[in-house]
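Asker: Please work out how this folds:
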Amino acid sequence: MTSKFKIAGWVALGVLAGGLTTMQFQATARNTVAPLPLEEMQQLAAVFGMIKTDYVEPVDEKKLISDAIGGMVSGLDPHSTYFDKTTFKEFREGTTGKFVGVGIEIGMEDGLVKVVSPIEGSPAFRAGLKSGDLITKIDDTFVKGLTMDQAVKRMRGEPQTKVVLTIFRKLENRSFPVTITREEIRVQSVRAKIVEPGYGWVRVTQFQDRTVEDFVAKVDKLFKDDPKMKGLVLDLRNDPGGLLEGAIAVSAAFLPKDVTVVSTNGQIPESKAIFKARPEDYTRRLGADPLAKLPAAIKNVPLVVLVNEGSASASEIVSGALQDHKRATIMGAQTFGKGSVQTVRQLTADTALKITTARYYTPSGRSIQAKGIVPDVMLDETAEGNLFSALRMREADLEKHIASGQGAESKDAAREKAREEAMKKLEEASAKKNDPPKPLPEFGSAEDFQLQQALSQLKGKPVVVSKTMTERKPEDTKAQ
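Answerer: Okay, here's the model as predicted:
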């Protein structure tokens, strides 16, 4: 495997940020149909007919139609998508946090799948897999040469089916097979702990169906474990987003009742809305107000929010709302810049259309589309500086991204050059067997440099501010 693929494994989810979207669900397609351009529709029908009669071999009609719809939607923007049967199933798994598999969080190391952590209670956990284990084979397929997505698909499957993983355990210097029976796995999107007396850390990895309930349970336990909480760190680094209701609820947990969290504006009437910190705006699928179980102290506890280039969509709604209301100090790096809302409209039982229907705005009226949230305090990734931040993609790097309408950020030559130089340095370092580049420390660990700076901020101690990071410049609005 090339060093580029190794580096992709190290950067991990940060590169993929923005892949999940803030969304509102619509059960069926809208009944109103715009007038069709007759001449162009006739042209489309003619092309369909030619392919059916003249192509070198028979073509499936349903596949032709599906590909045509997919091409039409993909030409709009990076986040509008047509879901066929397979991709719609995967999408729903992503938003519910449930899937059928073995139950491990993974990364890549030297072309192999690395077990970052077995999910507690999962088949992999019960089978004894450990953090740091390397998976060399999945059934009869060698992992070397597979992408992470390909490896994931081979480990997933139907409930109660078996998969054989060949494990290499470094500490014991041995390889051995493990047979695991696949089960439905529920991913925990919220983690929390007391990092030191009086200071808590809450990490939201993605805004899913159960994120709000999990958030409430974790925060409630933190305050019960340490009733004299002096400060809290909300960690949204590499959080690619998810459900709009989850973002509103997490924001509302810290904000006064009825203040604006986010507003949206688009072409259809439903897209013109203002969402406030009130139960009716985040309990549409939840029923009773889950935030009622939170301790009252959460409204006033000193708060720092950690973000980076991988923080997108729903996580930007949260950080933008808390920043505008001066409820938290935002620290880290300028965020991804996905300021658009996607609506999922189900077409059939197995297919759907995810289409961009609005831009969203922070309480002060800022559009962060292709711009992102600028932290109050810029932080490097490590004490040595930024190792991987230049490699992370942003909304403005994506082809066909929509503009903010307020001076959207453009691609800039300096950042493109920085990315090329960073990739070259990492490739050169990875080629040296005795001196490979070090992966970033685990978020929430004692070695987490940005978390330590957040704690210093909460304690009123000096913070090591980045000397190289600057706000990304927006393009000239006249050029739009």
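
Asker: so what pLDDT did residue 469 get?
Answerer: What the model reports as pLDDT for residue 469 is 82.

Asker: Now do the contacts for the closest residue to it other than its chain neighbours.
Answerer: Here the nearest residue to residue 469 in space, its sequence neighbours aside, is residue 378; by CB to CB, 6 or more residues apart in numbering that works out to 4.3 Å. Any C-beta I mention is one placed from the backbone N, CA and C, and that applies to glycine too. Listed by CB atoms under 8 Å, 6 or more residues apart in numbering, the contact partners of residue 378 are 331, 332, 333, 465, 466, 469, 470.

Asker: any idea of the mean pLDDT for stretch 122-134?
Answerer: Average pLDDT, stretch 122-134: 90.

Asker: Equivalent analysis for stretch 218-234, please.
Answerer: Averaged across stretch 218-234, pLDDT comes to 97.

Asker: Tell me how many other residues surround residue 57.
Answerer: The tally of other residues near residue 57 (other CB atoms under 10 Å) stands at 4.

Asker: Then the one 5 residues further on?
Answerer: Applying other CB under 10 Å, we find 9 other residues in the vicinity of residue 62.

Asker: cool, and residue 53?
Answerer: Taking other CB under 10 Å as the neighbour definition, residue 53 ends up with a count of 7.

Asker: Doesn't it lie inside a strand?
Answerer: No - using DSSP: H, G, I helix; E, B strand; the rest coil, the secondary structure at residue 53 is helix, not a strand.

Asker: Can you check the pLDDT for it?
Answerer: With respect to pLDDT, residue 53 has a value of 94.

Asker: In the stretch 101-250 of the chain, what residue spans correspond to helices?
Answerer: All helices of the stretch 101-250 of the chain, identified by DSSP state H, counting those that start in this stretch, fall at 123-126, 148-155, 211-225, 244-254.

Asker: which of the ones you listed is buried the deepest?
Answerer: Among the helices of the stretch 101-250 of the chain, the stretch with the highest mean neighbour count (mean count of other CB atoms under 10 Å) is helix 244-254, at a mean of 27.

Asker: So in the chain, where's the weakest helix or strand by average pLDDT?
Answerer: helix 3-11 (a mean of 30; mean pLDDT, DSSP states H and E).

Asker: separation between residue 106 and residue 118?
Answerer: Distance from residue 106 to residue 118, counting by CB to CB, to the nearest Å: 10 Å.

Asker: higher neighbour count, the two?
Answerer: Of the pair residue 106 and residue 118, residue 118 is the one with more neighbours under other CB under 10 Å, namely 21 against 18.

Asker: from what I can see the more buried one touches residue 125, true?
Answerer: Yes - between residue 118 and residue 125 there is a contact at 4.2 Å, judged by CB atoms under 8 Å.

Asker: Report the set of residues contacting both of the two.
Answerer: Both residue 118 and residue 125 are in contact with residue 103, where contact means CB under 8 Å, 6+ apart.

Asker: returning to what we had before: adding distance to residue 442, write the helices of the stretch 101-250 of the chain out as JSON lines.
Answerer: JSON lines is the format used below for the helices of the stretch 101-250 of the chain (distance: least, CB to CB, whole Å):
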{"stretch": "helix 123-126", "distance to residue 442": "18"}
{"stretch": "helix 148-155", "distance to residue 442": "18"}
{"stretch": "helix 211-225", "distance to residue 442": "18"}
{"stretch": "helix 244-254", "distance to residue 442": "22"}
